[in-house]
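Colleague: Predicted model, plus sequence, below.
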Amino acid sequence: MTPFLQACINGLLTGALYALIGMGLALIFGVMRIVNFAHGAFLMAGMYVTFLLFDKFRINPYLGFLPAGILLFAFGYLVYRLLIQPVRDKSDFMQILMTTGISLILVSGAQLMFGADYRQTSIELVTSVLRFGPFTINAAALLSFVIAAFFIVGLQLFVTRTRTGEALRAIAQNREVAPLMGINVTRIQGLSFALGIAFAGIAGGLLLPALYLFPTVGEDYTLKAFVIVVLGGMGSIEGAAAGGLALGVAESITSLYLGNQWALAIDFVLFLLMLSLKPSGIFGRQRA
Amino acid sequence: MNSLRGWRLWTVLGFLVASAGLPALTPNDYLLQVLFRIALFAALGLAWNLVGGYAGQLSLGHVAYFGVGAYGLALFTAHSVPKWISVFLAASVAALFAAVIGSIVFRLRGPYFTLSTIAFAEVLRLTATNLNITGGAIGLTTPALFTGSSFWTLFYLSAVILAFITFLVNYWVSRSRFGYYLLAIREDEDTASAVGIDTAGYKLRALLISAFVTALGGALYASAFQFIVPDNVFTIDISVQIAIITMLGGAGTLPGPVLGSVLLLGASEMFKSQFKESHLLIYGLLIVVVVLFLPEGIVGGFEQRLRNRKKTPVDAAKALALGGD
Amino acid sequence: MPILELDNVTKRFGGLTAVKSVTFALQAGEIVFIIGPNGAGKTSIFNLISGFLHPDEGSIRFQGKDISKLPAYQAARRGIGRTFQIVKPLASLSVLENVMLGAFMHTSSTRKAEQEAKKILAFLQMPHLENFPARGLPLAALKRLEIARALATMPKMILLDEVVSGLTTSEALALAGLVKRLPEWGVSVVGGVEHVMQVVMKIAHRIVVLDHGAKIAEGQPEEVVKEPGVIEAYLGPRYKELAR
């Protein structure tokens, strides 16, 4: 029983970061129906920025993620106005192509700037553990979890309690009618996209201490992000949070019983199962 | 739609003869290898064109069939099945996979469809990496279909033949009811259903043909390099590349995929030698530029301009007024 | 035997009942129009008959056989043609090619399909538009194209959803004249309109009136429009008094 619960705990800890990634994509895809195949690449960018701050300025990633997030917010807005907006109303085909192109540019850009070598940060927190009875919790993972939880709750409050958040949901529900309510659709969409990218960047920064860093590290995460969004239900931000946690736990348990290699496979299996059986996701209301 | 009469037919034949004659001019093995890739991807692009171009279904999981072709060749020959039979057997297995995958993914629309095609390909990649029969991450060896000093010439010519056959398939499709039905599915599935088209059935048929050819390409590739690993023959990069070259050249057109392969792979080779790391960057920039300014691809944009030159909506209004209602 | 029978057909979408126990029949050779205000359920009924939706309760019979559960393409193959309220041309194909798609249901030869399509376009007085891309055509032409494409499938019955809406009066009258002739070609007609136009009055043999998913009247056009329930549905309760 204990290993199972331990796996669940570890899964939840990782799941919080997945939740961040998923919520970011939910903002972009769920709310705006923009297919962002570059989500993982932006996460990678966040990781590199955080890494630079650590490498050059000795800023701890658990602080450095914040400026990385802000930088990516600005960058995301720019990308939206220049490259995404022109394809916003075009077919999904075009959006997927465009974001794939952006992803290629980002990844090869990183390769040119930093080389393909694996980088790593060394923070003591990563190796220290806390013990609660029979369970061990990695201190760094716990810190990420707390920070991520803060952002998850924050985004949820933002979307449900603020005017801008409401505008966002209005656009999600009906893009044609929203301008009639006095909503500046372009600006809010740009903001939404930027916020989604920022969340990817923050997740990247928080993941940095735990992973090796290399230009293609983000690839797996784009797919993961879509899996999470589908699990949680299209257009549902809180669904993505739940989906992220669920995925973290699912991966962790799969790892425990079938080994690490199959952990990634469970993502796709869940994805395909969800799409086949309940396309609207755990919390969703819209159809696939 | 497209007719191969007159100058078009001669262009195609001329191109074919010229392609076949190329090895005589470039006995350099490395160059032949590059040409092999170009011809192979032209074939793969033409195969993808049926599903992604005519039927309008953006599959980014075609590498699944490529990989099954490669691994099929390796595994069948390991069990003493003759080389050439293994190739076609592997392609048939790929078609079977396509039947299964297609019956699931074609129920989905838009990005969900695309994502699920990626998911299936990734599952296959992970399975190949984790099972022992497939050699795990270490991979498998595959037999060479040809041997001797004209190794690359023969592989190149095989690729050209595959591309030509796939071109003919595209040509036949474009003039047949099958092709029209695929176009209808691309334009509007509801309208297609309303005129009695079994959309799911036709999409599946297009996929089966496409998968079969793609697998042939995979087997050919595996045989040329004689060693395969999952990250090589099941990588999403191949899926993306096939889609890009077709889009760049012009999806749903006949010469599009060929042109796209020649341009993109050719440019990529040139850049590889000049700017080693930046060829991916060029790819990415090219995609962005094409999407922004040339969404129909090179050939598609050309054809569109030809069409528009002939008839415009204003002409239509005039014709209506004169035709009298 | 009626060519089409709807028997207590009900369709719900979550909490909304779009079609409530609707029953009516179409005899071969008839032109029946379903009228009702926006949201009355006309398009849902068309979707139910043509297989794009399936009834929750009740049954639909076409030529005596139950078609309630048929998918759309099979309904089309059985001889049910339809147009869509919001026209759906195959945009990048030419007018001729659009109609050929319909003709392909009975031939696999491209040449024969082309000949058939040309004949239909001639019947609809559109032969000069053959090679124009469907995209960018004016609405009147698009509406005719919808009909042409459906006729090319040689249906026994055609569903015309809002086929004259958005047209000028003269365009609508011209098209109506054409629709009136369809039974001569062996095609029975079920049309749907929101507004009781003079067009409908001229060509319909019978009308069926829907309001909020339920049938509230049926009969000869001139009589039905005078019924108080019908007037109330369209204009509100105050005008009901005026009818008496």
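Modeller: Sure, I can see it. Residues are numbered from 1 along each chain as shown, chains lettered A, B, ... in the order given.

Colleague: what's next to stretch A:108-118, contact-wise?
Modeller: Stretch A:108-118 has contacts (C-beta atoms under 8 Å, 6 or more residues apart in numbering or on different chains) with A:44-45, A:48, A:212-215, B:277-278, B:280-281, B:283-284. C-beta: built from backbone N, CA, C; applies to glycine.

Colleague: Pull out the CA atoms of that stretch and give them to me as PDB.
Modeller: Provided in PDB are the C-alpha atoms of stretch A:108-118 (Å, rounded to 0.1, in the frame of the first residue of the first chain):
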ATOM      1  CA  SER A 108      16.700  25.600 -33.600                       C
ATOM      2  CA  GLY A 109      17.300  29.100 -32.200                       C
ATOM      3  CA  ALA A 110      18.000  27.500 -28.800                       C
ATOM      4  CA  GLN A 111      20.300  25.100 -30.500                       C
ATOM      5  CA  LEU A 112      22.200  27.900 -32.200                       C
ATOM      6  CA  MET A 113      22.500  29.900 -29.100                       C
ATOM      7  CA  PHE A 114      23.200  27.300 -26.500                       C
ATOM      8  CA  GLY A 115      24.300  24.200 -28.500                       C
ATOM      9  CA  ALA A 116      22.800  20.800 -28.200                       C
ATOM     10  CA  ASP A 117      24.600  19.900 -25.000                       C
ATOM     11  CA  TYR A 118      22.700  18.800 -21.900                       C
END
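
Colleague: From the chain's centroid, how far away is it?
Modeller: For stretch A:108-118, the separation from the chain centroid amounts to 22 Å (computed by C-alpha atoms, centre = their mean, to the nearest Å).

Colleague: right, is whichever strand or helix holds B:Tyr181 up against chain C?
Modeller: Here B:Tyr181, judged by DSSP states H and E, is contained in helix B:177-187. Yes. For helix B:177-187, a contact with chain C is found by C-beta under 8 Å from any C-beta of the partner chain, at B:Arg177, B:Tyr180, B:Tyr181, B:Leu183, B:Ala184, B:Glu187.

Colleague: for that helix, which positions count as buried?
Modeller: For helix B:177-187, the buried set under the neighbour-count rule, 16 or more other C-beta atoms under 10 Å in any protein chain shown, comprises B:Arg177, B:Phe178, B:Gly179, B:Tyr180, B:Tyr181, B:Leu182, B:Leu183, B:Ala184, B:Ile185, B:Arg186, B:Glu187.

Colleague: Check which helices and strands that helix is in contact with.
Modeller: Helices and strands touching helix B:177-187, by 3 or more C-beta pairs under 8 Å, 6 or more residues apart in numbering or on different chains; DSSP states H and E, are helix B:151-175, helix B:189-194, helix B:199-225, helix C:95-103, helix C:110-123.

Colleague: Return the most buried member of those.
Modeller: Of those, the one with the most neighbours on average (mean count of other C-beta atoms under 10 Å in any protein chain shown) is helix C:95-103, at a mean of 27.

Colleague: Say whether chain B is contacted by that helix.
Modeller: Yes. Helix C:95-103 reaches chain B (C-beta under 8 Å from any C-beta) through C:Glu97, C:Met100, C:Leu101, C:Gly102.

Colleague: C:Pro37: neighbour count?
Modeller: 15 (other C-beta atoms under 10 Å in any protein chain shown).

Colleague: If you could redo that for C:Gln27, that was the one I meant.
Modeller: By other C-beta under 10 Å, 13 other residues sit near C:Gln27.

Colleague: now it: how far from chain B?
Modeller: C:Gln27 is 24 Å from chain B, where distance means C-beta to the nearest C-beta, to the nearest Å.

Colleague: Isn't that residue up against C:Pro2?
Modeller: Yes. If you go by C-beta atoms under 8 Å, C:Gln27 and C:Pro2 touch, sitting 5.2 Å apart.

Colleague: what bridges to C:Lys11?
Modeller: When assigned by DSSP bridges, C:Lys11 has beta-bridge partners C:Val19.

Colleague: Could you double-check that it sits in contact with C:Phe46?
Modeller: No. Counting by C-beta under 8 Å, C:Lys11 sits too far from C:Phe46 to count as a contact (11.6 Å).

Colleague: Please work out the residue of chain C nearest to chain A and name it.
Modeller: Using C-beta to the nearest C-beta, the closest approach of chain C to chain A is made by C:Gly14 at 10.0 Å.

Colleague: Enumerate every residue touching the nearest residue to B:Pro255 once chain neighbours are set aside.
Modeller: Distance criterion C-beta to C-beta, 6 or more residues apart in numbering or on different chains; nearest residue to B:Pro255, sequence neighbours excluded, is B:Val299 at 5.4 Å. B:Val299 makes contact with B:Gly249, B:Gly250, B:Thr253, B:Pro255, B:Gly256, B:Leu259 under the criterion C-beta under 8 Å, 6+ apart.

Colleague: can I get the residues of helix C:95-103 next to chain B in JSON lines with pLDDT and distance to C:Gly219?
Modeller: Below are the residues of helix C:95-103 next to chain B laid out as JSON lines (pLDDT from 0 to 100; distance: C-beta to C-beta, whole Å):
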{"residue": "C:Glu97", "pLDDT": "92", "distance to C:Gly219": "42"}
{"residue": "C:Met100", "pLDDT": "94", "distance to C:Gly219": "40"}
{"residue": "C:Leu101", "pLDDT": "94", "distance to C:Gly219": "37"}
{"residue": "C:Gly102", "pLDDT": "94", "distance to C:Gly219": "33"}
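
Colleague: Tell me how far the worst-scoring helix or strand of chain A on mean pLDDT lies from the chain's centre.
Modeller: Confidence across the helices and strands of chain A bottoms out at helix A:32, with a mean of 77, counting by mean pLDDT, DSSP states H and E. Relative to its chain's centre, helix A:32 lies at 16 Å (C-alpha atoms, centre = their mean).

Colleague: Name the surrounding residues that touch that helix.
Modeller: Contact partners of helix A:32, identified using C-beta under 8 Å, 6+ apart, comprise A:Arg88, A:Ile171, A:Ala172, A:Gln189, A:Ser192, A:Phe193.
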